[in-house]
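Peer 1: how would this look folded up:
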Amino acid sequence: MSAALLKVVREYLDRHVGPNGLAQTPISGLTIIRTHEPSGLDYAITRPLACLVLQGRKQVMMGTQTFTFSAGDSLLITADVPTVSQIVQASPEVPYISLVIDLNPALLTELMEEMKSAPSPEAAPIKIEPTDTEVVEAALRLMRLLDRPASATVLHASLMRELHYWLLAGRHGSAISRLGWPDGHAQRIARAVTVLRSEFNRPLPVEHLASVAGMSTSSFHHHFRKHTSLTPLQFQKQLRLIEARRLMIGEGASSSTAAFTVGYESVSQFNREYRRLFGMPPGRHTAGAC
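Peer 2: This next block holds a predicted model:
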């Protein structure tokens with residue numbers, strides 16, 4: 001990994017990192033993470049992204065698979081999939097540092113058309129490879145823009161486009177090409193996922209989601225599970241439980257308040273499903289819990 005990129009990122013973090021270890025940059029789709037110690041387990045349904053690790057080591061689990069990546073590696077997630085992640089190597093002297101770039105399917109579609117590139121056969125939604133030199137160089141130029149706001153306004157879009165190009169043209173190309181396939185299964189499922197993410201706290205008939213995706217109900221079920229590893233109902237349930245956990249830990253909500261807020265009608269059902277996902281009852285995550 002480029003020493004120049006690490007230096008610029010460290011300097012930016014020193015000025016802008018928040019107490020949660022995140023630095024949200026003014027460039028949409030670019031976030032920086034720094035952590036000085038190993039973390040606990042973080043549950044999420046992760047959006048498509050590229051994570052460039054500059055220091056430290058992290059693990060991501062999806063189902064029964066565990067992926068470990070460290071400095072010099074890039075993690076690529078090409079679908080909205082449930083993950084459990086944990087930073088496993090970080091210290092005050094050598095913190096974990098990474099750049100996270102949200103992948104833009106519309107931009108990938110545009111690039112694939114210009115490159116006259118066909119989508120590759122569908123691959124696993126999580127892939128780890130050494131970071132390509134061209135990706136590092138594009139990320140460095142993007143980081144240097146952050147201290148020049150006037151220039152960033154004009155140039156950031158072209159540099160994000162270049163970054164997507166090198167991801168598509170490099171080692172990760174076969175994995176992310178399906179995101180850029182116009183009206184392919186990945187983009188159709190993504191439309192349904194957008195509805196699920198915005199309306200997870202209300203009933204969503206699968207027939208409605210299949211209609212949004214432009215598929216028959218049976219085809220939608222098949223491709224939804226193939227892309228996300230979950231059924232639509234399981235996906236919605238995990239969104240509800242993850243948001244409930246955030247409400248209890250982050251905002252001090254009681255377990256019953258969190259349950260009703262995210263759409264549960266039965267607190268006992270919420271308690272059972274919460275324990276099944278997180279391995280402990282919701283009361284352990286409410287304000288004042290040990």
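
Peer 1: any low-confidence regions in this structure?
Peer 2: Where the chain drops to pLDDT under 70, the residues are 1, 118-123, 285-290.

Peer 1: tell me the domain boundaries of it?
Peer 2: With domains defined by automatic domain parsing, the chain comprises 3-179, 183-229, 234-285.

Peer 1: ends of the first one, what's the gap?
Peer 2: Across domain 3-179, the terminal residues are separated by 31 Å (C-alpha to C-alpha, to the nearest Å).

Peer 1: what sits up against the helix or strand containing residue 67?
Peer 2: Residue 67 belongs to strand 65-70 when assigned by DSSP states H and E. By C-beta atoms under 8 Å, 6 or more residues apart in numbering, the residues outside strand 65-70 that reach it are 51, 53, 56-61, 75, 88-89, 126, 128. To be clear about C-beta, it is placed using only N, CA and C from the backbone, and glycine gets the same treatment.

Peer 1: buried subset of those residues?
Peer 2: When the contacts of strand 65-70 are checked for burial by 16 or more other C-beta atoms under 10 Å, the buried set is 51, 53, 56-61, 75, 89, 126, 128.

Peer 1: pull out the buried residues from stretch 129-144.
Peer 2: The neighbour-count check on stretch 129-144 (16+ other C-beta under 10 Å) flags 131-132, 135-140, 142-144 as buried.

Peer 1: closest to residue 18 among these?
Peer 2: Using C-beta to C-beta, residue 143 is the member of the buried residues of stretch 129-144 that sits closest to residue 18, with 17.6 Å.

Peer 1: just the CA coordinates for the longest strand anywhere in the chain, please, in PDB.
Peer 2: In the chain, assigned by DSSP state E, the strand with the most residues is strand 81-89. The C-alpha trace of strand 81-89 is given here as PDB (Å, rounded to 0.1, in the frame of the first residue of the first chain):
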ATOM      1  CA  VAL A  81     -25.600  -9.000   2.100                       C
ATOM      2  CA  PRO A  82     -25.800  -9.700   5.900                       C
ATOM      3  CA  THR A  83     -22.400  -9.500   7.400                       C
ATOM      4  CA  VAL A  84     -20.800  -9.700  10.900                       C
ATOM      5  CA  SER A  85     -17.500  -7.700  10.900                       C
ATOM      6  CA  GLN A  86     -14.800  -7.200  13.500                       C
ATOM      7  CA  ILE A  87     -11.500  -5.300  13.500                       C
ATOM      8  CA  VAL A  88      -9.000  -7.800  14.800                       C
ATOM      9  CA  GLN A  89      -5.700  -5.900  14.700                       C
END
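
Peer 1: which strands and helices lie in contact with that strand?
Peer 2: Counting contacts by 3 or more C-beta pairs under 8 Å, 6 or more residues apart in numbering; DSSP states H and E, strand 81-89 is packed against strand 42-46, strand 57-62, helix 217-228.
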